[in-house]
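1. Return atomic coordinates for the entry below.
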Amino acid sequence: MTPPQTSAPVLPHRCGIVPPHLLRHIAQDAPERRAAEAARHTLMHDTRQRGSRQVRTSRPEPRLPGAIGLRDPRTRHTTPAPARPDPARGAAPLEPDRRLHDARHGTTLPGQLVRSEADPATADESVTEAYDGLGATYRLLADVYGRDSLDGRGLTLVATVHYDRDYSNAFWDGEQMVFGDGDGVYFASFTDSIDVMGHELAHGITQFTAGLTYVGQSGALNESISDVIGSLTKQQALGQTADQADWLIGAGIFTPKVRGVALRSMKAPGTAYDDPALGKDPQPGSMADYVDLPHDSDNDNGGVHINSGIPNRAFYLAAAALGGHAWERAGQVWWDVLTAAHGVRIPQDCDFARFARATLDSAAARYGADGEESGAVARAWEQVGVEPAGPGARTSRR
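-> Numbers count the residues shown, from 1 in each chain. Prediction:
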């Protein structure tokens, strides 16, 4: 039985980019001892941390200037959240506040501060890549959607590189970004992919907005929204239109040894990789192939990294049908749903059908029920086999 929304569901503290099923394949099937041991170490580490530290993710109420904010990632203390300048009122444009740390292959966070906002670049490529990736994500939020950082209040973007040894993952831990260097066999540095950074930071946005429960279909939507924002971050940084984009998540983190191009493909779920050690990409692209798994940590909380392929493809189809820059119309519709822009909040246990309904309602509210945008969104969900819930299904007005 799903607990009521007021109970603020408890979510795993870490949202990693590499799904556990892929790491298990490497741990069991990789002929290279170093890679197998690294995969086992990463799995054990992530499981231990999820079990010992969890975050209660709920949607904060709107805060007035001077109201008490959430914990500051730099101090881990609750601090005031002052209002930031509003560029629409002639104030200075929104700018990020980034803090990059080096764990020096340890696991103490955040580690040694090595670069702050406006500091010159260091000789460390991972620091530079992470700094630039955080900045690209911030620019998408600020320039396209008018949001000042993850919480809308200028939250400092904190990240740590060189985490642990042979650590094959990157994650958002509820307060900051963390990047491993990979095992050097199948995985390269996780700062090599700008969409990985956008993806993980987007878990922070969801944490501050819709608060989607990280299990089952709501968990798959949580992952899908991160993939959408990760892909849009890369597309905006490169100035790409929907037809120019590769729609891949994690392109660049595999070494040449891997028979694959990325962790996931939003355009063609299930085709990202097919490798003897990694297995075959298990993502479905429609409800006809939905993977029904137990809702426990051994099964990726009900396959949140697997079934996210369905809403991923729906977004791609809508964006491709509309053409132009995907962050504009298709991205705006998804953003409106995430942030309840039109006054309707999706539930934290939102399923695909209710999310589809919310996208239709948001498209109609912004562009008109008979507009090209509404038609593209409706056809996209139809193509992936998701029937939108009836109007008003499990939503609430602010």
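2. okay, CA-based contacts and neighbour counts for the rest of this
-> OK.
3. can you point me to the longest helix in the chain?
-> helix 216-238 (DSSP state H).
4. show me what contacts the spatially most central residue of the chain?
-> The centre of the chain sits closest to Ser226, judged by C-alpha atoms, centre = their mean, with a distance of 2.3 Å. Contact analysis of Ser226 by C-alpha atoms under 8 Å, 6 or more residues apart in numbering lists Gly198, His199, Glu200, Leu201, Ala202, His203.
5. Identify, from these, the entry nearest to Arg34.
-> Using C-alpha to C-alpha, Glu200 is the member of those that sits closest to Arg34, with 26.2 Å.
6. could you say what helices and strands the helix or strand that that closest one is a member of packs with?
-> Assignment of secondary structure by DSSP states H and E places Glu200 within helix 194-208. Secondary-structure packing of helix 194-208 (3 or more C-alpha pairs under 8 Å, 6 or more residues apart in numbering; DSSP states H and E): strand 15-16, helix 125-139, strand 170-172, helix 216-238.
7. Among these, single out whichever gets nearest to Pro96.
-> Closest approach to Pro96 among the helices and strands packed on helix 194-208 (C-alpha to C-alpha): helix 125-139, 6.4 Å.
8. Mind listing residues that contact that closest one?
-> Outside of helix 125-139, the residues within contact range by C-alpha under 8 Å, 6+ apart are 95-96, 98, 100-101, 115, 121-122, 148-149, 157, 159, 161-162, 189, 191-192, 194, 197-198, 201, 230, 233-234, 237.
9. quick one, that helix and helix 216-238 angle?
-> Orientation check (axes from the mean of the first three to the mean of the last three C-alpha atoms, to 10 degrees): helix 125-139 against helix 216-238 gives 100 degrees.
10. after helix 125-139, next one along is what?
-> Past helix 125-139, the next helix or strand by DSSP H and E is helix 145.
11. And that following helix, what does it pack against?
-> By 3+ C-alpha pairs under 8 Å, 6+ apart, helix 145 packs against no helix or strand.
12. which residues are in contact with that helix?
-> Residues from elsewhere that reach helix 145 (C-alpha under 8 Å, 6+ apart): Gln332, Trp335.
13. Give the rounded mean pLDDT of that helix.
-> Mean per-residue pLDDT for helix 145: 97.
14. Quick check: buried residues in stretch 134-154?
-> Residues of stretch 134-154 classed as buried by neighbour count (16 or more other C-alpha atoms under 10 Å): 134-142, 147-154.
15. That should have said stretch 297-313, apologies.
-> In stretch 297-313, counting by 16+ other C-alpha under 10 Å, buried: 299-313.
16. Then stretch 270-283?
-> Buried residues in stretch 270-283, counted by 16+ other C-alpha under 10 Å: Gly270, Thr271, Ala272, Tyr273, Asp274, Ala277, Leu278, Gly279, Lys280, Asp281, Pro282, Gln283.
17. what does stretch 371-385 give?
-> Residues of stretch 371-385 classed as buried by neighbour count (16+ other C-alpha under 10 Å): Glu373, Ser374, Gly375, Ala376, Val377, Ala378, Ala380, Trp381, Gln383, Val384, Gly385.
18. repeat for stretch 16-30
-> Residues 16-27, 29-30 are the ones in stretch 16-30 that count as buried (16+ other C-alpha under 10 Å).
19. Output those in a markdown table; the columns should cover pLDDT, distance to Gly390 and secondary structure.
-> Formatted as a markdown table, those follow (pLDDT from 0 to 100; distance: C-alpha to C-alpha, whole Å; DSSP: H, G, I helix; E, B strand; the rest coil):
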| residue | pLDDT | distance to Gly390 | secondary structure |
| --- | --- | --- | --- |
| Gly16 | 89 | 33 | strand |
| Ile17 | 94 | 33 | coil |
| Val18 | 95 | 35 | coil |
| Pro19 | 94 | 33 | coil |
| Pro20 | 93 | 35 | helix |
| His21 | 94 | 35 | helix |
| Leu22 | 96 | 36 | helix |
| Leu23 | 96 | 39 | helix |
| Arg24 | 96 | 40 | helix |
| His25 | 95 | 40 | helix |
| Ile26 | 97 | 43 | helix |
| Ala27 | 97 | 44 | helix |
| Asp29 | 93 | 46 | helix |
| Ala30 | 94 | 47 | coil |
